[in-house]
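J.: missing the sequence, but the structure's below:
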Ligand SMILES: [Zn+2]
């Protein structure tokens, strides 16, 4: 009799622990995604809210002969690789082969999330975003698609959700393609944070109940119970 109630208690405890871990993991996933999405909108004073692409990586030549300049920008929660079709006054830029070889970027060396399938698919400008904190978790690409007039440009988003452009026609997007190692690492970090927060809140609640002479487990009044007896509501013994 006693043995069975002990094993029931242990089983219940395991189930409760598993449920707690699953809830923490889910909260970790939600936090990972929300942080990665918010990172797309953190203002940096730049035209679109990403980090300025101030590191020039070099140039790449597409199969159609067009030259593209690659540059990169990065802050703690957002990295972006920009592809810009090099042109002067609307004319595609010509570059001597010796010059090109000196600054050539081997696209195959870039992570898959930072490059197009084929450079010839790009128009004018494209940005490959990766966001997340503390590790890169989600990515998407924003493509310049068509110019309607001056700065009024239509964009297309790959690997994410396209949102309406802002008032100055800047593209807005939510990345949806996971960078698996970083995504999982962030889920573990945030799940741990949620577990610690939950534990802290539970301890604070138990302490508050004990001060008011209530059962720590369910809040049942213990004032009239014999010292050390189990709670008639939930069976928990006082510490
Ligand atoms: Zn109780």
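T.: Received the coordinates, thanks. All values reported here derive from a predicted model rather than from experimental measurement. Numbers count the residues shown, from 1 in each chain.
J.: So what's the gap between the lengthiest helix in the chain and the chain middle?
T.: Scanning the chain for the longest helix, with DSSP state H as the assignment, gives helix 2-39. Centroid separation between helix 2-39 and its chain, computed with C-alpha atoms, centre = their mean, to the nearest Å, is 22 Å.
J.: Give me the contacts around the next helix or strand after it.
T.: The first helix or strand that comes after helix 2-39 along the chain, using DSSP states H and E, is strand 55-61. If you take C-beta atoms under 8 Å, 6 or more residues apart in numbering as the criterion, strand 55-61 is touched by 67-74, 81, 83, 86, 95, 100, 103-105, 107, 119. In short, each C-beta sits where N, CA and C put it, glycine included.
J.: Can you flag which of those belong to strands?
T.: By the criterion of DSSP state E, membership of the contacts of strand 55-61 in strands covers 67-74, 81, 83.
J.: from the residues you listed, which single one is nearest the ion?
T.: Ranked by distance to the ion (C-beta to the ion), the ones in strands among the contacts of strand 55-61 are led by residue 74 at 52.7 Å.
J.: before we move on, back to that, ChimeraX command to pick out the buried ones of the contacts of strand 55-61?
T.: Paste this into ChimeraX to select the buried members of these, with burial taken from 16 or more other C-beta atoms under 10 Å:
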select :67,68,69,70,71,72,73,74,81,83,105,119
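J.: Relative to the whole chain's centre, how far out is stretch 196-214?
T.: Centre-to-centre, stretch 196-214 and its host chain are 32 Å apart (C-alpha atoms, centre = their mean).
J.: What's the mean pLDDT across that stretch?
T.: Stretch 196-214 comes out with an average pLDDT of 94.
J.: Pull out the buried residues from it.
T.: For stretch 196-214, a neighbour-count test (16+ other C-beta under 10 Å) marks 206, 209, 214 as buried.
J.: Around the ion, which positions in this structure sit nearby?
T.: Proximity of the chain to the ion, by C-beta under 5 Å from the ion, involves residues 215, 217-218, 220, 231, 233-234, 236.
J.: can you list the domains in this structure?
T.: Following the assignment in automatic domain parsing, the chain carries domains at 1-39+184-239, 46-178.
J.: would TSV of the buried residues of stretch 196-214 with secondary structure be doable?
T.: Written out in TSV, the entries for the buried residues of stretch 196-214 read as follows (DSSP: H, G, I helix; E, B strand; the rest coil):
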residue	secondary structure
206	helix
209	helix
214	strand
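J.: Closest one of these to the ion?
T.: Of all those, the ion sits closest to residue 214, with 8.1 Å by C-beta to the ion.
J.: so the closest one makes contact with residue 220?
T.: Yes. The criterion here is C-beta atoms under 8 Å, and residue 214 meets it with residue 220 at 6.5 Å.
J.: could you list every residue that touches residue 197?
T.: Taking C-beta under 8 Å, 6+ apart as the definition of contact, residue 197 has no neighbours.
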